[in-house]
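Student: Could you work out the structure for the sequence below:
(one chain, ligands or ions: 1)
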Amino acid sequence: MALLDILIFPDKRLRTVAAPVEQFDDGLQQLIDDMFETMYDAPGIGLAATQINVHQQVVVMDLSEAKNEPQVFINPKILQEAGEEEMQEGCLSIPTVYETIKRSETVTVEALDRNGKKYRLDADGLLAVCIQHEVDHLLGKMFVDYLSPLKRDRIRKKMTKLIRDQES
Ligand code: NI
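Tutor: Numbers count the residues shown, from 1 in each chain. Sure thing, here's the model as predicted:
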């Protein structure tokens, strides 16, 4: 397994729209394992392939305390969403920034597991928020897109400074 570099906003590659996965081969299994290792190490609760500069529709997630409930969403599609909910969100591509974002309260998602088997899931609470956040990544969208241009610009400057400080 290997730790992968996570792209940081406003890196333009985060705006790439991911393509559907077609091959459930060893390469995909390796990618999923590496994504879990990277997410747990960060530490985070969700990671989209877009964030590690792989533009395929792959999301990994683990919302459990013990970090022993890995969930994989390949080619996820939100079939239904309802209600409204506000929750504070963070993102491994926008470190140290947390903002309250309005999302749907419940979602029904259809996805493939790591073996290509289709499943459907009804989600609410944190899981529903995470699914919407990660599916957005696959579409090249980020939570800062829901904020005012002023706030987004402030975050952009903060991240640019953070990257500069890390490099120097
Ligand atoms: Ni994110």
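
Student: Return the residues in contact with the residue most central in space within the chain.
Tutor: Nearest to the geometric centre of the chain sits Glu134, at 3.2 Å (CA atoms, centre = their mean). Applying CB atoms under 8 Å, 6 or more residues apart in numbering to Glu134 gives the contacts 46-48, 59, 61, 73, 76. Where C-beta positions appear, they are placed from N, C-alpha and C, glycine not excepted.

Student: Where neighbours are concerned, which of those has the most?
Tutor: With neighbours taken as other CB atoms under 10 Å, the top of the contacts of Glu134 is Ala48, carrying 30 neighbours.

Student: how near is that residue to Phe24?
Tutor: From Ala48 across to Phe24, the span is 18 Å (CB to CB, to the nearest Å).

Student: next one: Glu89
Tutor: Distance from Glu89 to Phe24, by CB to CB: 30 Å.

Student: Leu79 contacts Thr108, correct?
Tutor: Yes. Judged on CB atoms under 8 Å, Leu79 makes contact with Thr108 at a distance of 4.7 Å.

Student: got any residues that touch both of the two?
Tutor: Arg120.

Student: higher neighbour count, the two?
Tutor: Thr108 (16 against 12).

Student: still on that earlier bit, secondary structure and distance to Gly116 for the contacts of Glu134 - can I get that in CSV?
Tutor: Formatted as CSV, those follow (DSSP: H, G, I helix; E, B strand; the rest coil; distance: CB to CB, whole Å):
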residue, secondary structure, distance to Gly116
Gly46, strand, 21
Leu47, strand, 20
Ala48, strand, 19
Val59, strand, 15
Met61, strand, 18
Phe73, strand, 13
Pro76, strand, 13
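
Student: And those residues, which is closest to Glu99?
Tutor: Nearest to Glu99 among those, counting by CB to CB, is Gly46 at 16.0 Å.

Student: how close does the closest one sit to Pro149?
Tutor: 26 Å.

Student: any idea which of the contacts of Glu134 is closest to Leu4?
Tutor: Scanning the contacts of Glu134 for proximity to Leu4, where the rule is CB to CB, the winner is Leu47, at 8.9 Å.

Student: Quick check: chain neighbours aside, which residue is closest to the closest one?
Tutor: Met39 (4.1 Å; CB to CB, 6 or more residues apart in numbering).

Student: Glu105 too?
Tutor: Gly83 is the one closest to Glu105 (CB to CB, 6+ apart), at 3.0 Å.

Student: Ok, Arg152 next?
Tutor: Val144 (4.8 Å).

Student: right, and Thr108 touches Tyr119 too?
Tutor: No. Using CB under 8 Å, Thr108 makes no contact with Tyr119, being 11.3 Å away.
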